[in-house]
Structure formats: structure tokens, C-alpha cells
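A.B. asks: compute the structure for the input listed below.
(3 chains)
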Amino acid sequence: MTLGLGREALDALRRDRTAVVCLLVLGLLVLATLAGPALLDYREDEIDWSHMAAPPFEAPGHWLGTDRLGRDLLVRTLHGLRISLAIALAATLVSLVIGVAWGALAGFRRGRTDAWMMRFVDVLYSLPQVFFVIILTVVFGRGPFTILVAIGAFGWLTMARIVRGQALALRDREFIDAAIVGGASTARILARHVVPNLLGPVIVYATLTLPQVILVESFLSFLGIGIQEPLASLGNLVADGAAELETAPWMLAVPAACLMLVVFCFNFLGDSLRDALDPRDR
Amino acid sequence: MNAVLEVRDAAVRYALARGRTIAAVDGVTLSLAEGEIVGLVGESGCGKSSLGRAILGLVRLASGQVFWKGRRIDSLPRREFRALRGEMQLVFQDPHACFDPRMTLAESIAEPLRALAAGLEESARTVRVESALDEVGLDREVGARYPHQASGGQLQRAGIARALIVAPQFMVCDEPVSALDVSVQGQIVNLLARVRRERGLACLFISHNLAVVARLAERILVMYRGRIVEAAAREAIVRAPRHPYTRLLLDSVPDPHPQAARKLLAAVRESPAPLADAGADGCPFASRCPWVLARCRTSAPLLRPVADQQLVACHRAEEWPKGLTPAAT
Amino acid sequence: MSALLEIRALTVDFLAPRVVRAVDGVDLALGPRERLAIVGESGSGKTQLLLACTGLLAANGRAMGSVRFEGRELLGPGDAAAPARGSGIGFVFQDAGGSLTPHRRIGDQLVEVAMAARGMPKRHACDESLAMLGRVRLPDPGSTMNAYPHELSGGMRQRAAIALALAARPRLLFADEPTSALDVTVQAEVMALLDALCRDLGMALLLVTHDLGVVAALAGRIAVMYAGRIVEEGDTDELLANPAHPYTAGLLASVPSLSALDDGELATIPGAPPRAGETIQGCRFEPRCPRRRERCRVEGPRLEAGGTSLVACHYPLDAGRSP
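C.D. replies: The predicted structure is shown next:
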């Protein structure tokens, strides 16, 4: 159903060279996180006693050097990226599903339903996220699941607001009236007409949310609230690296560079997607 | 008369800022017999679209009742009204806006079947969509297009196909040709006339163009500011109108004959635009009426029979038994 | 009589996403105080023609050829038409709200134009603007001066927009479907207004419309456009009484009239106008033409004198005969 218009969007995207580059870079990175560690000599928790805190390109087999404990930095970074991406994807997905359902229903129904649903969103919005995360950490302990819940619990709020605005505008479009006259139930209208027509802004926002989630997670891990040993996300790596900035700057540089690259690519891709999905004059 | 649709004293109100409301439809009564086509004429803001939408349950009535085959439907809960959707349909004004931009025309036409005849198999559904396309004169190839790839005329035909696919008994056509090119309008009007004849549909044809309405409808209702001001057979409306607004409408129909057009120009009175809240108790047309009396500003005339099958809401209706003559003569 | 506006070989192309030719080699001339109407339906290019003349084409549009206003070329690099806009040429749009800035009072907008275009001091400009609002028959010019556009009805807004277009006392008024968005009862009033204003202020009028009724009332000459080209041009009375081009005849016949009240079918032209950008060999109207023959499919007709008007047709209608 959306294929016809998806094709036009893909064409537009293909023409945007920077977007293509970003897509390729991201693709390579994902490939690297999946296949990379298998191809490299060292495992991420393997300690190389003879090459501790070795700078990049010096120690054999350690392309990007090692950290204070002699663990290969490249492998650790790839693993860290894998974890960060996994959490970000999961959290974004959760935000998407809850946010779209919530916002679409509120915007479509209007009136009191809308008012109550969005008031709930407003209340949650005003809670300080970090506080909440700390409480969750105390209750559930540190770990990827806690982080997922913490980020997911707040991530859907903005999505819901955006979707609700779109749904409100959509409600006034004549083809919705046509669907009502054609006997469609509210559920049917939401599923077949409202949500597919919202997808544009939703996809764009999701692509822009992803890097934000990565940053939030990194920040929390940096603070020591998020992921903990033996798992290490990019945030943890950055934290470790920051401690060794004077003596082994590559420990910070490598994961930080990786983080920046991923965030930049997603942001740029999101911008290009927004332009590509813009309805044009025909 | 076996009236299949009856509207009694319907009113639709919209809320304005600061607690005021405006009556888009202000006490309208009409009825339609099986297979009958009635035209509803009026200009923007007169409430004709609101009335059409209220009959189909898209807008709530502030007061009054709507009866379908003797059963009251205006206050039905949403779910129960849905069961009736197969019997009453609507053709929209803007062909570009009434289609989901993400679905092909054929898919949009199939939607009412999916919603109302859910048990139908895919193959049976496809057959019905194809025959609907045939009926309105569209190729299969056009059915596979997206709305932005089709012309206004094609979209409007698809809209008619979508309305007809559930075999309704009553159809509201809300300005179906106003957004189309003049040379294409005739195609759609002819299509509607043929389809209605073949299926015996009752039809409420809404338009601001009296000339188009006069082609299709045998009975015409003229609406002004939410009220019916004249209701009569086609001949009477066009040849012997008794309400000053009907006369004004007739005079304003653009005529591509230069002599007539220039005479009209010379005769047009430069009357100022009406004020919104003029005389809440008087006739709504009083501020523009060339035949206005003092009485008209204080008491609103009721719609009453003044001749055989002719209803007029004007205090002076009896004074012109042969109808009002054109301004240009 | 030297022409006030001279259009030669005007061609308008749009470059993205594909190259589309909206106007294809149009020649027109308009003298002072003359009134010309360009009639066409969607895809005829009539609006793009108007926009090209005033330098208001969209960014991806390219106008070629020559448009001279009072001898000065309007199609040039940069915004060559800018000096003519407002002072020599006034513009009335279809959507009256379009030319009026929504967040400024009407009086302010009028005064600003009068001061800029005619170099008046403010007090004088205010008086002039008030007078102009009265001239366009607005019921309460004083309060309209202080009103915002959204506070007026459609018809009143259109009158205010006309007043704005006239504030700089143009010699030529471009009107793009000035009555299409209005109710039919208000249309007649606005038409009468335009008629009176052009006469009183000595303006020429170039009117673009799809409505033959408006044309019959206002224009002295008509040019009929189809798919980017002029297919017929001539004196209004003559052309409407004896159309030579089958499209013109078909258009006239399609206008539903109140004189014949039978149940018969409405006359119509089968098919639809070609979509912009379709390259067609031969006559563009051929697929829909009741008089078409082999030659029409292969060879595109040129605009030539035929009877009392110019026609672009291999087999034009004879005066007095029906198609």
C-alpha cells in the first residue's frame, strides 16, 4: 500500500549524496559490530598482559591500541557500539509503538479522551528523568533492562505529542470522512488511514530519536548508573577513557569518535528522510 | 407518499469564540421519496453542506430529527449507525481531498466493501471493484493509480464508484462538480443522472450552481442562511420564483451571451454586503432585499405553501402570482 | 495606437522534477484602456502566462520570449519586472486573502503602497486610501481601514484587494480569476465594480478566467487558450456568437444554461485537457475534437486569420454553422 509512495521517497533519498554516504557508513558500522569481533584476534575481555595501555598501531594485532588492562580497544569499541545500538533500537521501538498508539488515539478522538490522555503525558513530561532513572536503578539494579525501561518510559512522550498533532490535523481531512461514510470503525480508520499517513514524520522523528537515546544512555553509563561491568557500552568506554585522558588519550578518542560518527550519521539521515518524505507538488 | 428520508426541523450549530454559537442549519424540514432526486441550492455559508453531513451522521444535530425509512437515526450511537452505512452514501466536493493519498483508487473503492461486507472473499471483492470502475467509465489502469496521478474528473468518477459499490438506496452529492473544469462537469452530471436512473437511487443534490441543479432535479429547495426560503418544482423555481433570493440567484448565473451579460451588469444593484447579526428576529434576507418592508425586519416569515407544490418563506409571496421578473428586463 | 503591453513568443518552462512546458509561444497585445480576457481550463497555462509577465513565476520556472510594458522589457535577468509591479501594473489574485497581509490592518497596507508608489506624504495617502475603499463600494470605509483581512467576508476582502491593487494607480490591471472564489451573487457585484473602475480610472484590463459569463460581461476581446497555446482570438461579441474553434464551441456549449430545462444530457467535451508536459504531435485538441481528421493528428495548426478572428485549426467552424 505504501510501496508506491515509498518508492518516490527512496528515489529522492538516493539522489541526496550525503544521505547515501551516511547510510553506507552506518551499514558498515553495523556490519563491523556483528562480524568484526569474530574477525579480530582478541576477545573483548581478553587481557593481553604484554601490551597494556598500548597506543594505536604499535602493538601487533591491536589496531587501535589497548586500554589500561590490556584489552583490545577496537574490539571493545565494537562491542560497546553493539550494546549502545541494541539498547537504542529497542528503546526507540518501544517509544514508537507506545507513542504512536497513544498519540493517534488521542488526536483522533479529540475532546475529553484527548484531554485526559495528553494531560497524562504532560505530567510524565514534568518528572525529572535522571531522578526517575536513579530510583529505577535502586529498585531494579543496574543493567540493560533498567536502562531500557528508563529511557522507554520517557521516550514515547515526545513521540505521542508529535503524533497527536498530526492525527488532529488528519482528522479534518476529507478522506477520513469518506472512510467514516464507508462504514469503517475507529480502529479500522486508525490502522488503515491515520497511522500510514503519519509514518513520514514518525520515521523522521525515530531516526532523530535514536542518536538522542544513544547519548542519554552513554551519559547515564558515564555517570555509572547505566550499564556496568562486564558489559560495556560506548558510554562506559568514554568514562574509562576520560579517566586516562592524560596518559592514554586514545582510550577516550576511539569510543568518542565512534559515538560522534554514529550520532552524526543518524541525524543527517533523519534530516534527509524528512526532505525526501515531504509531499511535493505534482 | 412513501418518504424514505425525512428531516424535521433540523438545526446544526457551531461554537464560536466566547460562548456564542452560529446556526449553520436553522430549522430545516424536507423529505425524499424512494428514487426521487431533490436539489438543494444556496451559496457558501448557507448550511447546505452541513445539512448533508448531518443527515449522514458526520455532524451532530443540535435539534430536530432525521428519519430513515421511518426509523429515527440522528441520535443513534456510532456503532449502530455504521450498520446503515451501506444504505446511504456521500459523494464529496473536492475529489483530490477525499482520497487517502497512500492508497490506489481501486483500493479506496474497495474500502467500503472491506468495512461493510467483511465476509467477502478477495476475488469476489475484486470483481465488484472492477464492475464499479466499468460503471463509472474508468479503465483498470486508472484504478491502479494513486490520487495525485489522476485528474479531477477521474477522481470524481472514482468517488462515485466508491459510493455506489455498496449499492446504497440514498446518496447525497455535495457539490460534486464545483471543483471540476467546465468542460468536464457535464460528464459527471450526466454520469450521475444515468447512474441514478439505472439504480433508482434517491438523491439529494447540493450545489451553488442553479443551472446545474435545474438539469438534474425535478424539485428544488433554495437555502439561505440556514433556512429553506423556497421549495418548488424545477419549472416554478426557474420560470416563476417567488422569493427575492431565488430571483437574485437566477439573475446572477453567469451568462455567456454578451448582451445579456452586459444588461445584467448595468442592472446589478450595488448593495452593501450584509451585516452578520442584522435583525435576529426578522427575515435573514431583509438587508439585501429590493422588496423589503418594515415588517420584514421584525418578523421572520415562515415557509408556507402559496401555490400548488410551491413553498415560500416571504411575507409578500402572494403579491406576485406569476413570480418575480428578472432585474435586467 | 502603440501597445501598452506587448507579448511576443512567450514560452514558460518548468524545470523540476521534469521539464514541463506550460506556455508555448504566445503572442498578445493590449492597448491602453483595452480589455482582454484569456479563457482556459486547467492545464491551459493561462495563470503561468500572467505570472511570467509580472516576474512572479516559481523558482523552477523559466520564461523566454519578450514581454514589453510601455516599451520596457519585463523578462530580464534578476527581477526586471519589479519596477512595473505595483506602479504600472496592478494585480488582483483569485484568492483575495492572498494579496492582503494577514497580520496588518488594511488601511496600513494601502497607505504603504500609496506612499511608496506615488511618493505621497502620509496624511495624503491616508485620505487617498479612504477614498479608494469607498470607490470599491465597501460599506464602511472608515472601519475597514482599521480592520484586519480575516475580519471581512470573502466579497469584501476581494474589494479590499482590488483597492490595494489600485492604490498605486496602475495603467494596467492583471486579474487572475478574480471572481472564482466568490459566491455567484457577489460575483456579479465584483464584476460590475471592475467594469466601472476600469472605465473611471482609464485602466487596461488583462483578465484570466475559466468563466465565459465573466468574460462576456467584462472583456472586449477574448483569447482562448488550450494546452499552452492560443487557439482562438477575437472580438468578444463575435467570438461568443460565432466561435470558429471547436474547443471554443464546445466550451460554450458546456456552460449549463437555464434556458433549456430538459432532462437531456448536458453537452460536454469528452476526455480531459492534456496534463502539463505531455508532448503531443499535431493538434493538441485533436483527441477530444468532434471534427478531427487525419491531418490533425500529424500537423499542429498555426494561429491564422479566419473570418473575423484568429484561429488555430485546420477545419474551423464556418460562421453560422454548428459543429
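A.B. asks: what sits against C:Arg48?
C.D. replies: Small correction: residue C:48 is Gln, not Arg. C:12, C:22-23, C:57, C:61 (Cβ atoms under 8 Å, 6 or more residues apart in numbering or on different chains). Glycine gets a C-beta too; all of them are placed from N, C-alpha and C.
A.B. asks: longest helix in chain A, by number of residues?
C.D. replies: helix A:73-109 (DSSP state H).
A.B. asks: with chain B instead?
C.D. replies: helix B:182-199.
A.B. asks: circling back: ok, and the most crowded of the contacts of C:Gln48?
C.D. replies: Counting neighbours by other Cβ atoms under 10 Å in any protein chain shown, C:Val23 comes out on top of the contacts of C:Gln48 with 28 neighbours.
A.B. asks: which outside residues touch the helix or strand hosting it?
C.D. replies: Assigned by DSSP states H and E, C:Val23 falls within strand C:20-30. Strand C:20-30 is contacted by residues C:3-14, C:36, C:38, C:45, C:48-49, C:52, C:61, C:65, C:172, C:204, C:206, C:223, C:225, C:227-230, C:233, C:276-277, C:303 when judged by Cβ under 8 Å, 6+ apart.
A.B. asks: where along chain C do the helices fall?
C.D. replies: C:46-53, C:96-99, C:106-118, C:122-135, C:141-145, C:154-166, C:184-201, C:212-218, C:236-241, C:246-254, C:294-298.
A.B. asks: would you mind listing what in the stretch 1-150 of chain B touches chain A?
C.D. replies: B:53, B:56, B:58, B:78-79, B:82, B:85-86, B:89-90, B:92, B:94, B:97-104, B:107-108, B:111-112, B:115-116, B:146, B:148-149 (Cβ under 8 Å from any Cβ of the partner chain).
A.B. asks: I'd guessed B:Trp320 sits against B:Thr246; true?
C.D. replies: No: with contacts counted by Cβ atoms under 8 Å, B:Trp320 stays clear of B:Thr246, the gap being 11.5 Å.
A.B. asks: what's the spacing between the residue nearest to B:Gly42 when sequence neighbours are not counted and B:Leu302?
C.D. replies: Distances taken as Cβ to Cβ, 6 or more residues apart in numbering or on different chains place B:Met223 nearest to B:Gly42, at 3.5 Å, with adjacent residues excluded. Using Cβ to Cβ, to the nearest Å, we find B:Met223 at a distance of 15 Å from B:Leu302.
A.B. asks: neighbour count winner among these two?
C.D. replies: Legend: neighbour count by other Cβ under 10 Å for B:Met223 and B:Leu302, higher for B:Met223 (24 against 12).
A.B. asks: mind checking the SS state of that one?
C.D. replies: Judged by DSSP: H, G, I helix; E, B strand; the rest coil, the three-state class of B:Met223 is strand.
A.B. asks: which residues touch it?
C.D. replies: B:28, B:40-42, B:46-48, B:51, B:229.
A.B. asks: which single one of those residues is nearest to chain A?
C.D. replies: B:Leu51 (15.0 Å; Cβ to the nearest Cβ).
A.B. asks: could you measure from that closest one over to C:Pro301?
C.D. replies: Applying Cβ to Cβ to B:Leu51 and C:Pro301 gives a distance of 49 Å.
A.B. asks: ok, the two, which is more surrounded?
C.D. replies: More crowded of B:Leu51 and C:Pro301, by other Cβ under 10 Å: B:Leu51, with 31 against 21.
A.B. asks: my read is the more buried one is in a helix, agree?
C.D. replies: Yes: under three-state DSSP, B:Leu51 falls within a helix.
A.B. asks: can you tell me who the residue nearest to it when sequence neighbours are not counted pairs with across the strands?
C.D. replies: Counting by Cβ to Cβ, 6+ apart, B:Leu51 lies nearest to B:Val25, which is 5.0 Å off, once chain neighbours are set aside. Note on B:Val25: beta-bridge partners B:Val12, judged by DSSP bridges.
A.B. asks: and the helices in the stretch 151-300 of chain B, which stretches?
C.D. replies: B:152-164, B:182-199, B:210-216, B:234-239, B:244-252, B:258-267, B:294-298 (DSSP state H, counting those that start in this stretch).
A.B. asks: the residue nearest in space to the middle of chain A: what's it in contact with?
C.D. replies: Nearest to the geometric centre of chain A sits A:Leu210, at 1.9 Å (Cα atoms, centre = their mean). Contact analysis of A:Leu210 by Cβ under 8 Å, 6+ apart lists A:88-89, A:92, A:266.
A.B. asks: about what we covered before: partner residues bridging the residue nearest to B:Gly42?
C.D. replies: According to DSSP bridges, beta-bridge pairing links B:Met223 with B:Ile228.
A.B. asks: same deal with the one 10 residues further on?
C.D. replies: Partner residues in beta bridges with B:Ala233, using DSSP bridges, are B:Arg219.
A.B. asks: count of neighbours near it?
C.D. replies: 15.
A.B. asks: flag the shaky bits of the stretch 201-323 of chain C, pLDDT-wise.
C.D. replies: C:260-263, C:276-277, C:319-323 (pLDDT under 70).
A.B. asks: follow-up on the earlier one: which elements pack onto the longest helix of chain A?
C.D. replies: helix A:17-39, helix A:111-125, helix A:144-171, helix A:186-189, helix A:195-223, helix A:234-243, helix A:250-277 (3 or more Cβ pairs under 8 Å, 6 or more residues apart in numbering or on different chains; DSSP states H and E).
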